[in-house]
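Participant: Below are the sequence and a predicted model for it; my questions follow.
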Amino acid sequence: MLRITTLFSAVLLSAGLISSAAQAQETQGTTAPFETQASDTNFSDEQLQQFATAAQEISTVSGEYSQRLQQAEDEMAQQTIREEANNKMIEVVQNSGLDIETFNAIGQAAQNDPALAQRIQQFAQSGS
């Protein structure tokens, strides 16, 4: 359970970063509002597997960039590292086959639905 808790912590951290990119896309009119998708908890097994895989990679990326962030010398360097981490996490999600909005919606739903969180944990364990 510690592993999935760590996984979700990294995902929640990254969701805060990724959501800014989703908002930027919404502003450009390329996506539906996040709130609409967040209420949809009928995710396919394929989507949950993609989420679990991406979340594990994001956990790794988050750890790497957290170390770099702690070593940054000033605010400008920290901002550059945050942007680089955000871009890398977006790339991980997109490479998983999910869009940012679906990834965030699954993460949001898993926070509020222990059964969904358990399903994701099973996918994470079977995928490793």
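Facilitator: Received it, and whenever you're ready, just let me know what you need. Numbering: from 1, shown residues only.
Participant: Mean pLDDT per helix and strand in the chain: which one sits at the bottom?
Facilitator: helix 34-38 (a mean of 39; mean pLDDT, DSSP states H and E).
Participant: does A115 sit in a helix or strand, and which one?
Facilitator: For A115, the host element (DSSP states H and E) is helix 114-127.
Participant: What average pLDDT does that helix get?
Facilitator: Confidence over helix 114-127 (mean pLDDT, whole number) is 90.
Participant: quick one: the helices in the chain?
Facilitator: Along the chain, counting by DSSP state H, helices occupy 2-27, 34-38, 45-71, 75-96, 100-112, 114-127.
Participant: returning to that earlier point: in terms of secondary structure, what does the helix holding A115 contact?
Facilitator: Applying 3 or more Cβ pairs under 8 Å, 6 or more residues apart in numbering; DSSP states H and E, we find helix 114-127 packed against helix 2-27, helix 45-71, helix 100-112. Yep, even glycine has a C-beta here, placed from its N, CA and C like the rest.
Participant: what comes up buried for that helix?
Facilitator: 116-117, 119-121, 123-124 (16 or more other Cβ atoms under 10 Å).
Participant: How about stretch 77-86?
Facilitator: 81-82, 85-86.
Participant: between these, which is closest to E64?
Facilitator: Using Cβ to Cβ, A85 comes nearest to E64 of the buried residues of stretch 77-86, at 8.2 Å.
Participant: ok so, going back, farthest pair within the buried residues of helix 114-127?
Facilitator: L116 and A124 (12.6 Å).
Participant: could you dump the buried residues of helix 114-127 to a markdown table with distance to L48?
Facilitator: Below are the buried residues of helix 114-127 laid out as a markdown table (distance: Cβ to Cβ, whole Å):
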| residue | distance to L48 |
| --- | --- |
| L116 | 8 |
| A117 | 10 |
| R119 | 6 |
| I120 | 6 |
| Q121 | 10 |
| F123 | 5 |
| A124 | 9 |
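Participant: Verify the contact between I90 and D99 for me.
Facilitator: No - counting by Cβ atoms under 8 Å, I90 stays clear of D99, with 10.1 Å between them.
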